[in-house]
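> can't give you the sequence, but here's the structure:
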């Protein structure tokens, strides 16, 4: 089967790692390197890094549906299908229906729930206890195409976005590979989505990264794990940014939010509007990730200190 792969982010890279040994992609397309970090050095996409590790030479294309090289290849060497995963660009005509069998997508949610750029993070922020992955055929409307197959999985109370991404990428890759035969032979069922039941998962805004302690501890805990491993939730201690990577909610009523109210096993406990959070893993500005108790000792954190 002649196949193309379009992807950019970490979810795409993980899916490609699982699928590429079983399906030889003739084209691997990703976005060009972008400036990142303090030095603004150009950094390739996670998909490009993974593809090169497996011996592929990706094509950079910010507008694939209008890319002359891709359109020429589509006309002269028609692929059977294209797999689009975590690509950050809409696929339009003539590429959308150009491949013989169409373009397909692995999406990390149980569509029509959480259509959009951040389905894993939004499900965690919402405190969902289950989610899943969907294989569907692309249409012009984002994440709205007919479903081929879905698989679900529970979400643990401590599960992070990074852990869930790994799990869903493996599940999505497996259901795609298992569906190849029925797609190729034309007996796959395509089930229309219920647009009226759809929900959206917009991209994470930078303003959402800052912890607002005047909320319930469960909600803040969910935000912390939703933003782990990137971009990370943070607060401010002694005028410097403190990223918070892992927490544990505890019950209690406290008069002043954002205050260190006690220590449990050396770990600081910070009051929220309802309950409190134990800071298990943090990262002071300019330093490495460390355990909350080590940070508290090194920074001489004491009861009554405020985390803004």
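On my side now, so go ahead. This is a predicted model, so every value here is computed, not measured. Numbers count the residues shown, from 1 in each chain.

> Show me where the stretch 51-200 of the chain has its strands.
Taking DSSP state E, counting those that start in this stretch to define them, one finds strands in the stretch 51-200 of the chain at 59-60, 81-85, 103-107, 130-137, 147-154.

> for these, which one sits closest to residue 274?
Each of those was checked against residue 274 via CB to CB, and the shortest separation belongs to strand 130-137, namely 24.2 Å. Any C-beta I mention is one placed from the backbone N, CA and C, and that applies to glycine too.

> how big is the angle separating the closest one from strand 103-107?
Here strand 130-137 points in a direction 180 degrees away from that of strand 103-107 (axes from the mean of the first three to the mean of the last three CA atoms, to 10 degrees).

> Pull out the buried positions in strand 130-137.
131, 132, 133, 134, 135, 136, 137 (16 or more other CB atoms under 10 Å).

> export the strands of the stretch 51-200 of the chain to CSV and tack on mean pLDDT and distance to residue 305?
Putting these into CSV (pLDDT from 0 to 100; distance: least, CB to CB, whole Å) gives the following:
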stretch, mean pLDDT, distance to residue 305
strand 59-60, 97, 48
strand 81-85, 98, 44
strand 103-107, 98, 43
strand 130-137, 98, 36
strand 147-154, 98, 37
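
> would you turn those strands into JSON lines with distance to residue 221?
Converted to JSON lines, these look like this (distance: least, CB to CB, whole Å):
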{"stretch": "strand 59-60", "distance to residue 221": "39"}
{"stretch": "strand 81-85", "distance to residue 221": "29"}
{"stretch": "strand 103-107", "distance to residue 221": "26"}
{"stretch": "strand 130-137", "distance to residue 221": "17"}
{"stretch": "strand 147-154", "distance to residue 221": "17"}
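
> which one of those lies closest to residue 278?
Per CB to CB, nearest to residue 278 of these: strand 147-154, 23.5 Å.

> Which other helices and strands does the closest one contact?
Contacts of strand 147-154 with other secondary structure elements, assessed using 3 or more CB pairs under 8 Å, 6 or more residues apart in numbering; DSSP states H and E, are made with strand 130-137, helix 161-185.
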